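A.B. asks: pasting the sequence and the predicted model now:
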Amino acid sequence: MKPNTGTRQTPAMLACLEGRNMAENITSPRTDYARWYQDVIREAELADKAPVRGCMVIRPYGYAIWEAIRAGLDRRFRETGHENAYFPLFIPKSFIDKESEHVEGFAPELAVVTHGGGRELEEPLIVRPTSETIINYMFAKWVQSYRDLPLLINQWANVVRWELRTRPFLRTTEFLWQEGHTAHASKQEAVEEALRMLRVYESFAVEDAAIPVIPGIKTEREKFPGAVDSYSIEAMMGNGWALQAGTSHYLGTNFARAFNIQFLNEANELEYVHQTSWGVSTRMVGAVIMAHGDEHGLRLPPGLAPIQVVVVPIWRGDDTRAAVLEECQRLRARLAEDGLRVRLDDRDTQSPGFKFNYWEVRGVPLRIEIGPRDLESGSVTAARRSRPGSEGKHSLPLDEGIAAGIRRILDEIQAELYDQALERREGWTTEVSDYAELSRLIEEKGGFFRCYWDGSREDEERLQEETKATVRCIPIDQPGTSGRCVVSGRETDRIAVIARAY
RNA sequence: CGGGGCGUAGCGCAGCCCGGUAGCGCACCUGCUUUGGGAGCAGGGGGUCGCCGGUUCGAAUCCGGCCGCCCCGACCA
């Protein structure tokens, strides 16, 4: 390096000034959370920018996380009696116009295809922003009798919404998701279904993604266009902001009336079906990044990690190399046989230290190091990603019980990530009864706020305008006490969660 | 679309004010030595300086226009 003359600063000095860890190329989340998020996505090779505005390329490692999310959800959908199907990407434009709230909600963000095969189309096609309309058009054909109900369909698909502002995974022009669509004979059944799927999302978030969530009902202002009631699970991210990680809607008979989905009941009377829809998207990948990530990068819960255990061999010269590698391969095979997702990093082009950091950035929950010292003592060194540095390192006997032992550690890591996320949320949730105090604390402290809420749409708009925070949901679990609404001052027994949100 | 910032090698940036053969760190390639927390030394490859136009003998640098990206709002899973 050239001598430091005048005001010229070295990259290391600049890195320090920027709060950037030069070694990892990741900005500290405390310095600039938005930048940290983008750095993690780049360094962990989750996604890359696409040449199309607002779109991203999901790279293999990021896609593997999505596949794990998909597997966890799909299993639960099947267990609750749903079947997968596929509906077209293109929807006749007139379909969208059939449900008034739905049109109003989606019209501004539609991508419209006007030409095909070199000619202008007679009727423009929209690229689906969601599939209620085309699915319900088909439901009208399939439903005749109460015997055809309930109809429980799920679709895995891509959708397009022309958003003004995008962020990788959290909001992209095109995104991947699942959308469940069901039709039922009664309101009660449909409401139960909407709540059942909300609980399915909650169970997935808690058990697989290790993210504590608040299931609740959306306010009038925040609900899905065309729904009677919308429910959501709300999670807290590393900067104290809320993220809606899944939604479920009771649609009433709104779409049934628009698409004429009627059935004959047992009394031979014609009735409209009651419906639901519910979805989780690639946004969930963003939730995992922001709920668990730290200054070293990603931290993945074992339940979703594409690689749960990485084995790093350490050798000194060729004499120890063969013995170390052999032991590593044996362990890899044993863990794989036990059903664990394990990777042996036997690259001889990188040093062990490099590999430690490489897999830490990628959030692998557990690293096993095997070197000459371990061979001598008949053990391995285990380093868990859920605890920082050497605190997460300890020795494990390399014996018959190793697979079971590692499985136990993975369970502990899963629990630790959940506990850490829960602890942060609880420590960053404030109960407030006074509007002025709420405004002040949103700015100064951030996080979640629990307040009595009986506000109107206008009250909610005022809240957002003045504080940039919104009512995330009215939690389903309520304490049953009462007090005065933080904005309107009206007496109410409902408590809302208020926060700034993505 | 409004306000702010930025486009120079794969990534992060300097150079621009004051025009004169395009640089630094990391990454990459080759060789030797290395390998328990991002290895060392030596050598090497890579950029029509976002695009278009103007001024000039000469433009990364000055002027005009356009495009794109990021942050903060409005819209939203």
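C.D. replies: Yep, that arrived.
A.B. asks: quick one, strands of the stretch 51-200 of chain A?
C.D. replies: Ranges of strands in the stretch 51-200 of chain A, per DSSP state E, counting those that start in this stretch, are A:56-58, A:83-84, A:90-92, A:111-116, A:119-127, A:151-160, A:174-184.
A.B. asks: likewise for the stretch 401-502 of chain A?
C.D. replies: Under DSSP E, counting those that start in this stretch, the stretch 401-502 of chain A gives strands at A:429-431, A:448-452, A:470-475, A:483-484, A:491-492, A:495-499.
A.B. asks: pipe the ones you listed into a markdown table and attach distance to A:Pro60, mean neighbour count and mean pLDDT per row.
C.D. replies: C-beta coordinates here come from the backbone N, C-alpha and C atoms, glycine included. Compiled in a markdown table, those are given as follows (distance: least, CB to CB, whole Å; neighbours: other CB atoms under 10 Å; pLDDT from 0 to 100):
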| stretch | distance to A:Pro60 | mean neighbour count | mean pLDDT |
| --- | --- | --- | --- |
| strand A:429-431 | 37 | 15 | 95 |
| strand A:448-452 | 35 | 23 | 95 |
| strand A:470-475 | 33 | 22 | 95 |
| strand A:483-484 | 51 | 16 | 96 |
| strand A:491-492 | 50 | 14 | 96 |
| strand A:495-499 | 34 | 24 | 95 |
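A.B. asks: between these, which one is closest to RNA strand B.
C.D. replies: When the strands of the stretch 401-502 of chain A are ranked by proximity to RNA strand B, the top entry is strand A:470-475, at 7.9 Å, counting by CB to the nearest atom of the strand.
A.B. asks: checking the most centrally placed residue in chain A next. Helix, strand or coil?
C.D. replies: In chain A, the residue lying closest to the centroid (CA atoms, centre = their mean) is A:Met284, at 1.4 Å. Of the three states, A:Met284 takes helix under DSSP: H, G, I helix; E, B strand; the rest coil.
A.B. asks: show me the shaky parts of chain A.
C.D. replies: For chain A, residues meeting the criterion pLDDT under 70 lie at A:1-24.
A.B. asks: how's it carved up into domains?
C.D. replies: Chain A breaks down into these domains under automatic domain parsing: A:1-31, A:56-292, A:309-413, A:429-499.
A.B. asks: so how many other residues sit close to A:Glu120?
C.D. replies: 8 (other CB atoms under 10 Å).
A.B. asks: quick one: the nearest residue to it once chain neighbours are set aside from A:Gln350, how far?
C.D. replies: Excluding the flanking residues, the one nearest A:Glu120 by CB to CB, 6 or more residues apart in numbering is A:Thr114, at 6.1 Å. Taking CB to CB, to the nearest Å as the measure, A:Thr114 and A:Gln350 are separated by 52 Å.
A.B. asks: hang on, A:Arg500 packs against A:Glu443?
C.D. replies: No: using CB atoms under 8 Å, A:Arg500 is not in contact with A:Glu443; the gap is 9.7 Å.
A.B. asks: who's more crowded, those two?
C.D. replies: Under the criterion of other CB under 10 Å, the comparison of A:Arg500 against A:Glu443 puts A:Arg500 first, with 20 against 12.
A.B. asks: what are the phi and psi angles of the more buried one?
C.D. replies: Per-residue torsions, A:Arg500: phi -70, psi 150 (degrees, to the nearest 10).
A.B. asks: quick one: neighbours of the closest residue to A:Arg171 other than its chain neighbours, just the number.
C.D. replies: What sits nearest to A:Arg171 in space, not counting adjacent residues and going by CB to CB, 6+ apart, is A:Glu163, at 5.5 Å. Using other CB under 10 Å, A:Glu163 has 14 other residues around it.
A.B. asks: please apply the same query to the one 5 residues further on.
C.D. replies: Residue neighbour count, defined by other CB under 10 Å, stands at 24 for A:Pro168.
A.B. asks: the one 10 residues further on now?
C.D. replies: Number of residues near A:Gln178 (other CB under 10 Å) recorded here: 20.
A.B. asks: what residues are up against the closest residue to A:Phe106 other than its chain neighbours?
C.D. replies: Of all residues not flanking A:Phe106 in the chain, A:Pro129 sits nearest, at 5.0 Å (CB to CB, 6+ apart). With contact set as CB atoms under 8 Å, 6 or more residues apart in numbering, A:Pro129 has these partners: A:106, A:109-110, A:159-161.
A.B. asks: before we move on, what about A:Gly62?
C.D. replies: So A:Gly62 contacts A:41, A:44-47, A:169, A:285 (CB under 8 Å, 6+ apart).
A.B. asks: now do the same contact list for A:Glu222.
C.D. replies: Going by CB under 8 Å, 6+ apart, A:Glu222 touches A:230, A:470-473.
A.B. asks: dump those residues to CSV, plus distance to RNA strand B.
C.D. replies: Converted to CSV, these look like this (distance: CB to the nearest atom of the strand, whole Å):
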residue, distance to RNA strand B
A:Ser230, 8
A:Thr470, 8
A:Val471, 13
A:Arg472, 11
A:Cys473, 11
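A.B. asks: which one of those residues is nearest A:Thr219?
C.D. replies: For these, the minimum distance to A:Thr219 (CB to CB) is 4.9 Å, reached by A:Val471.
A.B. asks: so that closest one makes contact with A:Glu460?
C.D. replies: Yes: between A:Val471 and A:Glu460 there is a contact at 5.8 Å, judged by CB under 8 Å.
A.B. asks: now for the two: what residues contact both?
C.D. replies: Residues touching both A:Val471 and A:Glu460 (CB under 8 Å, 6+ apart): A:219, A:221.
A.B. asks: need the contact list for the closest residue to A:Ser94 other than its chain neighbours.
C.D. replies: Distances taken as CB to CB, 6+ apart put A:Glu123 closest to A:Ser94, at 6.5 Å, once the chain neighbours are dropped. Each residue near A:Glu123 by CB under 8 Å, 6+ apart is listed here: A:92-94.
A.B. asks: and those, which of them are buried?
C.D. replies: Those of the contacts of A:Glu123 that meet the buried threshold are A:92-93, by 16 or more other CB atoms under 10 Å.
A.B. asks: any chance of the contacts of A:Glu123 in a markdown table, plus distance to RNA strand B?
C.D. replies: Output for these, formatted as a markdown table (distance: CB to the nearest atom of the strand, whole Å):
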| residue | distance to RNA strand B |
| --- | --- |
| A:Pro92 | 22 |
| A:Lys93 | 19 |
| A:Ser94 | 22 |
